[in-house]
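J.: okay, structure incoming, though there's no sequence with it:
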């Protein structure tokens, strides 16, 4: 089960890195065709909506902690929004993002104002904190 968490987290990290680089092709390759986007401005679906959001948002996220179980990952993050025209910082905030990964692609992306809201929505808890530490147990020897 731990290996599944690691693979899911790797997909989320690759997705986030591509989004921070504004690499639309990379983000789309890691996203399901009918990805669902939930955020403070409502809901959208599909890769066209994702492409539009990525071009408009000017958002970069620094992940502080990850929580993972099964197909669900919640990232506790610091977000910085920049003007697409000037690159000037327009806003900064602590946020939490819920990712659902199915068949190796992000199927759901939902942004919340608090970690508690995101964990509750994803069905995760604080004890689902993900660690990059080497696996322990007989398989790791």
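T.: Looks like it arrived, so ask away. The shown structure was predicted, so the numbers you read here are calculated from the model rather than taken from an experiment. Numbers count the residues shown, from 1 in each chain.

J.: need the contact list for residue 46.
T.: Applying C-beta atoms under 8 Å, 6 or more residues apart in numbering to residue 46 gives the contacts 33-35. (C-beta placed from N, C-alpha, C; glycine too.)

J.: make TSV from those residues and add neighbour count, secondary structure and pLDDT to it.
T.: TSV is the format used below for the contacts of residue 46 (neighbours: other C-beta atoms under 10 Å; DSSP: H, G, I helix; E, B strand; the rest coil; pLDDT from 0 to 100):
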residue	neighbour count	secondary structure	pLDDT
33	10	strand	97
34	10	strand	97
35	21	strand	98
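
J.: between the residues you listed, which sits nearest residue 21?
T.: residue 35 (18.2 Å; C-beta to C-beta).

J.: what about the helix or strand harbouring residue 121, average pLDDT?
T.: Per DSSP states H and E, residue 121 falls inside helix 115-122. Helix 115-122 comes out with an average pLDDT of 97.

J.: and the contacts of the longest strand seen in the chain?
T.: The strand that spans the most residues within the chain, counting by DSSP state E, is strand 89-102. Strand 89-102 is contacted by residues 8, 11-12, 15, 32, 58, 61, 71-83, 106-115, 117-119, 121-122 when judged by C-beta under 8 Å, 6+ apart.
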